[in-house]
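Visitor: Need coordinates for the below:
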Amino acid sequence: MQMPKEKANIEKLLLEGHTVQFYPTGWSMYPLLTNGRDQVIVEPRGNRKLRRGDVALYRREGSILVLHRIVRVKPEGYYMVGDNQKEIEGPLHPEQMLGVMTHVIRKGRTIPVTDPLYRLYSGVWLMLRPVRPALSGIAAKLKRFFIKRG
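Guide: So this is what the prediction gives:
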């Protein structure tokens, strides 16, 4: 379902069983999702078993909707992290999990999360979580170095 131009209640639509498509805001899922460029398709969670690596849409208790990756599944709940973050949030209760991302839409191309390149990227990126801050720092320094020389 394409999100209408007026603000829709994403949570209500998912709970009613609708699939939603929208532009997520913020930078917590960068580089997978770029604010203002990429869209996502999220299906209702339903009875689906969520696993490590899934990108789930959930509501923080008494707060906002968040789209982050599952880093751990334990009996007490789900542990989540943004692709551009190092702090893990959780445990989150199963009833907080509203939907799961099934596709990314980038520059008119729809990429399913089952795509082998997406799976490789997301798996490697998740494994690199402990060293991401160092990698980001190195990348920023290299970028500054080459911009100065250019």
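Visitor: ok, for Arg48, nearest residue in space, not its chain neighbours?
Guide: Computed as Cβ to Cβ, 6 or more residues apart in numbering, the closest residue to Arg48 that is not its neighbour in sequence is Val100, at 6.2 Å. C-beta: built from backbone N, CA, C; applies to glycine.
Visitor: An error on my part: the question was meant for Leu33.
Guide: Here the residue nearest Leu33, using Cβ to Cβ, 6+ apart, is Pro24, at 5.7 Å.
Visitor: burial count for that neighbour?
Guide: Counted by other Cβ atoms under 10 Å, the residues lying close to Pro24 total 22.
Visitor: before we move on, back to that, for the residue nearest to Arg48, give the beta-bridge partners.
Guide: Taking DSSP bridges as the rule, Val100 bridges to Glu43, Ala56.
Visitor: where does this protein dip in pLDDT?
Guide: 1-7, 149-150 (pLDDT under 70).
Visitor: how about the helices of it, start to end?
Guide: Here the chain has its helices, by DSSP state H, at 10-15, 116-127, 132-149.
Visitor: Tell me which of these is the most buried.
Guide: Most buried of these, by mean neighbour count (mean count of other Cβ atoms under 10 Å): helix 10-15, with a mean of 16.
Visitor: List of residues touching it?
Guide: Met1, Met3, Val20, Phe22, Val42, Pro44, Arg45, Leu57, Arg59, Leu65, Leu98, Gly99 (Cβ atoms under 8 Å, 6 or more residues apart in numbering).
Visitor: Next, work out how far apart the fourth one and Pro116 are.
Guide: Looking back up the chat, that one is Phe22. Separation of Phe22 from Pro116 (Cβ to Cβ, to the nearest Å): 26 Å.
Visitor: Could you provide the helices of the chain in CSV, with additional columns for distance to Val73?
Guide: Output for the helices of the chain, formatted as CSV (distance: least, Cβ to Cβ, whole Å):
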stretch, distance to Val73
helix 10-15, 20
helix 116-127, 13
helix 132-149, 21
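Visitor: Looking at those helices, spot the one closest to Asp38.
Guide: The closest of the helices of the chain to Asp38 is helix 116-127. By Cβ to Cβ, the value is 12.4 Å.
Visitor: and the angle for that closest one with helix 132-149?
Guide: 110 degrees (axes from the mean of the first three to the mean of the last three Cα atoms, to 10 degrees).
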